[in-house]
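Engineer: Mind looking at a prediction? Sequence and model below.
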Amino acid sequence: MTANTADANGIENEIELNGVFVPHVTPLTSEGDIDEQSLRRLIQYFNGVDGLGGLISCTRVGEGPVLTFEEKRRVFEIVTEEIDDDLPYVSTIAPRSTDEAVEKAIAAQEAGTDAVMVIPPLLFAWGNTSPEMRYRFFQELDERAGVPIVLFQVPIESYWYEPETLGRISQLESVIGIKEASFNVSLFTDVVHTLKNDGGEIDILSGNDRFLAQSFMLGIDGALVGVANVLPERWVEMYDLARQHRYAEALEIQEELLEVKELLFRQPIVTATSRIKYCLKLQGIIEDDYVRSPQPVVADDERADLRDQLITHGALEGDSQ
């Protein structure tokens with residue numbers, strides 16, 4: 001599906017959110033600064049993954065919660081410089097207010113991103129907020145920023161949008177897609193059906209890596225999963241098989257990658273960024289696996305397990321350190 005929107009200057013955009021999108025990590029030096037060289041090398045690595053859908057910066061896996069907006073904007077600029085022209089590029093913002101959402105969405109687009117994924121403001125989880133309050137937030141963002149927007153159904157129940165509310169929000173002109181990551185099969189199915197039957201012309205990406213292959217059976221447009229930082233070619237292969245209705249083969253790949261996924265996103269899930277960075281460091285793609293405090297560092301026993309999995313799947317030589 002191609003989503004058509006108009007930016008703040010009235011210029012039409014055509015952005016396809018199809019395939020596997022990787023919410024890439026943000027490489028940092030051992031001093032905690034953005035490692036620009038490693039970031040450029042990482043983006044070039046993803047450029048070389050045949051059939052990749054696109055990239056997204058500064059999600060939770062990309063350490064968005066611990067980066068300043070100035071640092072994020074620098075990440076957006078670097079990725080814009082390195083990413084292949086034919087790959088859609090989405091940035092992430094986590095605004096506290098409508099005014100801040102407008103300001104950051106415009107700044108992200110000025111830095112070169114094609115669209116902005118909006119993490120719901122904390123106020124949305126403060127008791128029983130009305131569907132109208134949630135809709136008005138995006139309505140005002142649509143009117144004032146005019147930047148292509150990707151919605152985010154986060155895996156926290158208090159933040160969830162009801163399917164009917166998403167259907168209404170999806171009809172706003174600037175809303176081009178959604179990452180549905182509730183990890184609730186029933187809600188995910190209801191959201192997909194509502195958007196397909198009563199929503200706007202938007203693309204649907206699954207963030208539910210626990211049942212990703214099954215998600216594709218509903219005819220959605222793709223996936224946006226942090227686990228695809230590691231072995232991205234295999235996740236793309238699974239998606240391609242599902243698009244060909246070869247679901248049994250897609251499910252086989254999902255089963256093969258199950259141990260990798262469970263290692264990366266076992267509890268505490270907040271350690272996933274450190275685990276992913278360790279894998280990318282072992283592969284020589286990034287220089288350091290440093291994560292900014294208070295994020296925990298991957299444990300020694302997990303390092304050994306992750307290294308073994310990379311070797312098993314052919315992403316690392318057996319004698320690599």
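Structural biologist: Nice, I can see it. Note that this is a predicted model, so its numbers are computed, not measured.

Engineer: so where does Ile15 fall, helix or strand?
Structural biologist: Element membership of Ile15, judged by DSSP states H and E, is strand 12-16.

Engineer: chain center to the helix or strand that that strand is followed by, what's the gap?
Structural biologist: Toward the C-terminus, strand 12-16 is succeeded by strand 19-23 as the next helix or strand (DSSP H and E). Distance, stretch centre to chain centre, for strand 19-23: 6 Å (CA atoms, centre = their mean, to the nearest Å).

Engineer: okay, the residue nearest to Glu256 when sequence neighbours are not counted: pLDDT?
Structural biologist: Once flanking residues are discounted, Glu256 sits nearest to Arg234: 7.6 Å by CB to CB, 6 or more residues apart in numbering. (C-beta placed from N, C-alpha, C; glycine too.) Note for Arg234: predicted pLDDT of 97.

Engineer: check contacts around Arg234.
Structural biologist: With contacts defined as CB atoms under 8 Å, 6 or more residues apart in numbering, Arg234 is in contact with 253, 256-257, 313.

Engineer: For it, what is the enclosing helix or strand?
Structural biologist: Per DSSP H and E: Arg234 is located in helix 232-243.

Engineer: Just the buried positions in that helix, please.
Structural biologist: By 16 or more other CB atoms under 10 Å, the buried positions in helix 232-243 come out as 232-242.

Engineer: Ok, stretch 89-98 next?
Structural biologist: 89-95, 98.

Engineer: Same list, those, but as CSV with pLDDT please.
Structural biologist: Converted to CSV, the buried residues of stretch 89-98 look like this (pLDDT from 0 to 100):
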residue, pLDDT
Tyr89, 98
Val90, 98
Ser91, 98
Thr92, 98
Ile93, 98
Ala94, 96
Pro95, 97
Thr98, 97
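
Engineer: Now do stretch 235-250: distance from first to last residue.
Structural biologist: End-to-end distance for stretch 235-250, by CA to CA, to the nearest Å: 9 Å.

Engineer: Equivalent analysis for stretch 110-117, please.
Structural biologist: One end of stretch 110-117 sits 15 Å from the other (CA to CA).

Engineer: Now do the strands for this structure: every range, in order, please.
Structural biologist: Here the chain has its strands, by DSSP state E, at 2-6, 12-16, 19-23, 54-56, 89-93, 115-118, 149-153, 175-180, 203-206, 222-224.
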